[in-house]
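**Student:** quick one, fold the following:
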Amino acid sequence: MTLPKKVRIVEVGPRDGLQNEAKPVPAAAKIELIHRLQDAGVSIIEATAFVSPKWVPQMADNAEVMAGIRRKPGVTYPVLVPNMKGLDAAIAAGADEVVVFGAATESFSKRNTNCSIDEGLARFEGVAQAAIAKGIRVRGDISVCLGCPYEGKVDPAAVVHVARALDAMGCYEITVCDTIGIGTAGETRRMIEAVAKHIPVERMAGHFHDTYSQALTNIYAALECGIMTFDSSASGLGGCPYAKGATGNVATEDVLYLLNGLGIETGINMDGLIAAGDFICGVLGRPTLSRVARAIRARSA
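**Tutor:** Below you'll find the model as predicted:
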């Protein structure tokens, strides 16, 4: 199957990558990370989340981060919103794109959002409609599409149910997420093919964690299915607080190396990307989780 000639990378490091950090990360560091990422050619950067600081204290500085960003033409800065209160705050902060999120299993939905799948979708329908009415684009994420920490393997039909609901409420793009990084290439392909019977594959995106070192393999399987947008996190930052042992998002550096090797255009400069990852790892006081970044640094040394 012919692979796409161009792929969009959605950099989720500033939000998904940092939201579970126990030690507060200064807003200035988050802003600097965003600036370094956009200077490296990243054109979609998930900047922050407008969620309750009680549950996600790392995102309490969301308005400060949004106010401090030096917005670059051609770059978008989507933010996560869980409800109308979050949407109102995001709008006040100047957000031009928001992300709503559902889950493919009832157990994960109740643990993550304290409601059932359909209750969550009903809540997000109002959020999406209000955002679209104000000219704000809405992206929809579906968690645990390939495996759930509470229910195990996930039937693709469950993913289809949530995807169709997100599509109906007006999401321009729907992201299927392997939140705990348990999926394989075959499972990835079957799930995408099931969803693609209802949602054009051009409007789908992939989000893969690397717990079992399968993220790049799953991305390749998704590329073969026609997916042209992928989430990733600089230095592989992030994780899932509801799944013991789940590691971070696939590293943007590693995804870029794969795509460069396939001759697929992204517009991202590897050296600049690695430098951005080195910066945030310096702030956090730990080494990068990107194998590509480590290998390139070792070779340069």
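**Student:** only C-alpha atoms from now on, for both contacts and neighbour counts.
**Tutor:** OK.
**Student:** what about the strands in the stretch 101-250 of the chain?
**Tutor:** Ranges of strands in the stretch 101-250 of the chain, per DSSP state E, counting those that start in this stretch, are 137-143, 147-148, 152-153, 173-178, 204-208, 229-232.
**Student:** now those as a markdown table including mean neighbour count, distance to residue 62 and mean pLDDT?
**Tutor:** Shown next, in a markdown table, are those (neighbours: other CA atoms under 10 Å; distance: least, CA to CA, whole Å; pLDDT from 0 to 100):
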| stretch | mean neighbour count | distance to residue 62 | mean pLDDT |
| --- | --- | --- | --- |
| strand 137-143 | 24 | 18 | 98 |
| strand 147-148 | 23 | 29 | 96 |
| strand 152-153 | 14 | 34 | 96 |
| strand 173-178 | 26 | 23 | 98 |
| strand 204-208 | 26 | 23 | 97 |
| strand 229-232 | 26 | 20 | 98 |
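**Student:** dump those strands to JSON lines, plus distance to residue 83.
**Tutor:** Formatted as JSON lines, the strands of the stretch 101-250 of the chain follow (distance: least, CA to CA, whole Å):
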{"stretch": "strand 137-143", "distance to residue 83": "13"}
{"stretch": "strand 147-148", "distance to residue 83": "23"}
{"stretch": "strand 152-153", "distance to residue 83": "28"}
{"stretch": "strand 173-178", "distance to residue 83": "18"}
{"stretch": "strand 204-208", "distance to residue 83": "22"}
{"stretch": "strand 229-232", "distance to residue 83": "22"}
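**Student:** closest to residue 38 out of those?
**Tutor:** strand 229-232 (14.3 Å; CA to CA).
**Student:** ok now the next helix-or-strand element following the closest one, how far from the chain's centre?
**Tutor:** Helices and strands here follow DSSP states H and E; after strand 229-232, the next one along the chain is helix 252-261. Its chain's average C-alpha position is 16 Å from that of helix 252-261, according to CA atoms, centre = their mean, to the nearest Å.
**Student:** so which elements touch helix 252-261?
**Tutor:** helix 215-225, helix 270-284, helix 291-300 (3 or more CA pairs under 8 Å, 6 or more residues apart in numbering; DSSP states H and E).
**Student:** secondary structure element holding the closest residue to residue 280 other than its chain neighbours?
**Tutor:** Nearest residue to residue 280 in three dimensions, chain neighbours excluded: residue 33, at 6.5 Å (CA to CA, 6 or more residues apart in numbering). For residue 33, the enclosing helix or strand under DSSP H and E is helix 27-39.
**Student:** likewise residue 89?
**Tutor:** Assessed by DSSP H and E, residue 89 sits inside helix 84-92.
**Student:** which other helices and strands contact that helix?
**Tutor:** Using 3+ CA pairs under 8 Å, 6+ apart, helix 84-92 sits against helix 117-133.
**Student:** the helix it packs on - contacts with which helices or strands?
**Tutor:** Packing contacts for helix 117-133, counted by 3+ CA pairs under 8 Å, 6+ apart, involve helix 84-92, strand 97-103, helix 106-113, strand 137-143, helix 156-168.
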